[in-house]
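Novice: A predicted structure for the sequence below; I have some questions about it.
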Amino acid sequence: MTTSISTTAPAGSADVIDLAVPLAPSHPLHGLRRERPKIVDATQGSYDAMFAADVQGISVVERLAVALHASQLCKAAQLAAHYRQRLVDEGADPQALLHAPGARLALILDFAGKLIVRPLDGDKTSIDALLAVGLSTPAIVALGQLIAFLSYQVRVVAGLQAMADETPGTGAAA
Amino acid sequence: MTTPIRIKGFTNEVLGWKAWLQTVDLESATPAQIAALEEMSPQAKQSAYFLLLAHQPEMLLQRSIAFNAIMFAPGGMPRAERELGATVESRLNGCVYCASVHAQRFEQLARRSDVIEQLFEEPLTAGTTPRERAIVAFSAELALRPETLSARHVKPLREAGLGEAEILDLVHAVALFAWANRLMLNLGEPVFPQPA
């Protein structure tokens, strides 16, 4: 099995949402999240599936580059830091990847950026362009799921951060 | 039958959806693909949308578990209000398909459609009660500007009487439709019923 626990994760139950907000195990919102255990597990399970090594046709580095680009566009600083670190852990250079991508990655990042910001701009021409640079149908589905999942992840983190901001008595932990 | 709502390109009619890519053929689907489809719903095996997502069975499986837990789990925020949050996100993203499905679910649960008409007309100010207006306003803010969401936006929910667990349920429902809308809008398109 591939695991994707960040090197900064404390041992045990920390997941990417908790890391990004951040929510220590003692935080009331950490406990509140666990009142919906299926959501916590399937959110982390989705994250693991998005970056699984056995998904073919679009590399883990390409997927992490999409995630970094999307987090930056959404101004989600903690998630961007997380994906930047994961790229470094994969031996990639995040700066070079995003600023001087090859033609294939440039197309993928462009597709992702557009749909993160304005999903209504999705059209069949963009899908055909991805097929034309050699992405398979399963790879395009993986890319579509990834972009969509990132939009979810950004909002779960943002919602919890707003709740953490106003939760009385936890200001000192911020 | 009541007259369908048709406002600014949005409707509560039942729509179809056409994939822009080849879907998985159920006859030759793998056990993992079947399991992911069955996790989603009894109807998923007949849906072009889910048969397309079945190309990545683990992603579909995890998303299905998340989807069903967020929208249907007992307790917390009433289900009609989760559907309202989902419909706000879908309306703002221009996802006509998701907006129609979740407008219908809201109506089934709440036995009324007044707020849906308001939402299709003007999504930022919709709501028939202070509580509903607070839910709609927060959902819109999370949909459009997650980067500036803060305690200031949560406060009106508290003032309208929402508890902590209800607020987290709403965050999940809105975020889930940021996910669903993008799949619907970037891998295919809605199909409208033929005029009679």
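Specialist: Arrived safely.
Novice: which stretches of the chain have low pLDDT?
Specialist: Since no chain was named, I'll use chain A. Applying pLDDT under 70 to chain A flags the ranges A:1-14, A:167-174.
Novice: switch to chain B, that's the one I care about
Specialist: For chain B (pLDDT under 70), the answer is B:1, B:196.
Novice: which helix or strand lies directly C-terminal to the longest helix seen in it?
Specialist: The helix spanning the most residues in chain B, taking DSSP state H as the definition, is helix B:164-186. Next along the chain after helix B:164-186, taking DSSP states H and E as the criterion, comes strand B:188-191.
Novice: residues in contact with that next one?
Specialist: By C-beta atoms under 8 Å, 6 or more residues apart in numbering or on different chains, the residues outside strand B:188-191 that reach it are A:124, B:15-21, B:48-49, B:52, B:96-97, B:100, B:184. For glycine as for every other residue, the C-beta is placed from the backbone atoms N, C-alpha and C.
Novice: picking that back up, in the longest helix of chain B, what counts as buried?
Specialist: By neighbour count on 16 or more other C-beta atoms under 10 Å in any protein chain shown, the buried set for helix B:164-186 is B:164, B:166-186.
Novice: again, but for stretch A:111-128
Specialist: Within stretch A:111-128, the residues scored as buried using 16+ other C-beta under 10 Å are A:111-116, A:119-120, A:122, A:126-127.
Novice: restrict those to those near chain B?
Specialist: A:115-116, A:119-120, A:122, A:126-127 (C-beta under 8 Å from any C-beta of the partner chain).
Novice: hmm, which two among those residues are most spread apart?
Specialist: Greatest spatial distance in these: A:116 and A:127, 16.4 Å, computed using C-beta to C-beta.
Novice: tally of neighbours for residue 108?
Specialist: Unless you meant another one, I'm taking chain A. As a burial measure, residue A:108 scores 26 neighbours (other C-beta atoms under 10 Å in any protein chain shown).
Novice: you answered for a different chain; I wanted chain B.
Specialist: Counted by other C-beta under 10 Å, the residues lying close to residue B:108 total 11.
Novice: ok so, going back, the longest helix of chain B: how far from the chain's middle?
Specialist: Centroid separation for helix B:164-186 versus its chain: 7 Å, with C-alpha atoms, centre = their mean, to the nearest Å.
Novice: residue ranges for the helices of chain A, please.
Specialist: Under the criterion DSSP H, chain A contains helices at A:16-20, A:28-33, A:37-50, A:60-73, A:77-89, A:94-99, A:103-117, A:124-132, A:137-166.
Novice: what's the second one in contact with?
Specialist: So that's helix A:28-33. A:17-18, A:21, A:23-24, A:39-40, A:160, A:163-164, A:167, A:170, B:164-165, B:168.
Novice: how about a cut-off of 7 Å?
Specialist: Under the criterion C-beta atoms under 7 Å, 6 or more residues apart in numbering or on different chains, residues A:18, A:23-24, A:40, A:160, A:163-164, A:167, A:170, B:164-165, B:168 lie in contact with helix A:28-33.
Novice: how about those in TSV, adding distance to residue B:41?
Specialist: Shown next, in TSV, are the contacts of helix A:28-33 (distance: C-beta to C-beta, whole Å):
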residue	distance to residue B:41
A:18	30
A:23	31
A:24	37
A:40	22
A:160	28
A:163	30
A:164	34
A:167	35
A:170	38
B:164	29
B:165	25
B:168	24
